[in-house]
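J.: need a 3D model of the sequence below.
(one chain, ligands or ions: 1)
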Amino acid sequence: MNLFKGPPDEEAIKKIKYFEKLAIESDPRGYCVCTSEGKDSRVLGHLYRRAGVKHFYLHSGTGIDPPELVYFQRENFKKYKEGGYLTYDISPSKSIVKLMTERRIPPLRQCRYCCAELKERRVPEQARAILSFGVRKYESVKRAKNRDDLEIMKGAKDFVIMPFDNADNRREFETCYQFVERRFNPIVDWTTTDIWNYSRYWKIEQCSLYDEGFERLGCIGCPMAGEYTRRKEFERWPGFKKMWLYAFKKTIETRKAEGLQIYKGMETPEDWFEWWISDRSRGTEDESQMILELDDL
Ligand code: SF4
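T.: Numbers count the residues shown, from 1 in each chain. Just a heads-up that it's a prediction; the model follows:
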């Protein structure tokens, strides 16, 4: 039986309220709402404020977020603070250029080491709080027909490392065994339509980039985005393309200095960048070889 059954927002609010006691027992500040201030995070935060439960906000900057999203997040955090909420804005521990040079390969779809460092990194500000994310499962026909009930601690196989990654195996409750932390994803079953309907109904201000046609906001050049989106991003923010090219240049220099293989067709920063941004690169032998290399580091 689903104790929380109702329209998606009412269901989510009931769940948020139901687990508040547990959240306060874990940390007197209440839930830690981890937000990127993209559309899903904005809805998540609104639900928490409507629920009237104890919570605070935490944002992890990556250094490669769209500037418009960064300004929007800062403005929102100012408002949350004025509204009496605690806010924590965490800076990245290192730049993507440094990270890539250290790892000797660019982040790849199958090897997103940057997330672990830039988004997943545990910070003291989280303490023992239950972390709440606005992640959602990918929309699928199967899911639309068969929504999951609340699931708690499914076991080690459900260990999830990417907090902002939308994947079909996301659960409302997740336990990260690596850090012994609990995560609560109250809108995991929401569709994109649910998000926009809720957002419009409650007149939630969203980042201006959605009006420019961006459907998902995140790191500029993220390997999880398709070629079309990445090219569109680099056209919109050419400075970030320059930064990635610089990262490729430094990585090639490091590989040469260490006598590591320089892959065919990836001898220059521009060529390697083109390979990296193109969906054609996915699943090639070179990509597998690079991932193997990373394992050896
Ligand atoms: S969202 Fe993409 S680019 Fe950003 S840290 Fe994660 S994998 Fe890297």
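J.: where are the low-confidence patches of the stretch 151-297 of the chain?
T.: 151-171, 173-180, 280-285, 295-297 (pLDDT under 70).
J.: residues from it in reach of the ligand?
T.: Within the stretch 151-297 of the chain, the positions near the ligand by Cβ under 6 Å from any ligand atom are 218, 219, 222, 224. (Each C-beta comes from the backbone N, C-alpha and C, glycine too.)
J.: make sure the first one is indeed in a helix.
T.: Meaning residue 218. No: applying DSSP: H, G, I helix; E, B strand; the rest coil, one finds residue 218 to be coil, outside a helix.
J.: picking that back up, most surrounded residue in the residues of the stretch 151-297 of the chain next to the ligand?
T.: Neighbour tally across these (other Cβ atoms under 10 Å): the maximum, 24 neighbours, falls on residue 219.
J.: and that one, how far from residue 8?
T.: As for residue 219, its distance to residue 8 is 28 Å (criterion: Cβ to Cβ, to the nearest Å).
J.: ok, now residue 126?
T.: For residue 126, the distance to residue 8 - Cβ to Cβ - is 27 Å.
J.: and residue 233, by the same measure?
T.: Distance of residue 233 to residue 8, given as Cβ to Cβ: 30 Å.
J.: for stretch 40-55, what is the average pLDDT?
T.: Rounded to a whole number, the mean pLDDT of stretch 40-55 is 98.
J.: CA atoms only for stretch 86-93, dumped as CSV, please.
T.: Output of stretch 86-93 as CSV, limited to C-alpha atoms (Å, rounded to 0.1, in the frame of the first residue of the first chain):
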residue,chain,number,x,y,z
LEU,A,86,21.4,28.2,6.0
THR,A,87,23.2,28.1,2.7
TYR,A,88,26.6,26.7,1.8
ASP,A,89,28.2,27.5,-1.5
ILE,A,90,31.1,25.1,-2.0
SER,A,91,34.0,25.9,-4.4
PRO,A,92,35.7,23.2,-6.5
SER,A,93,38.8,21.8,-4.9
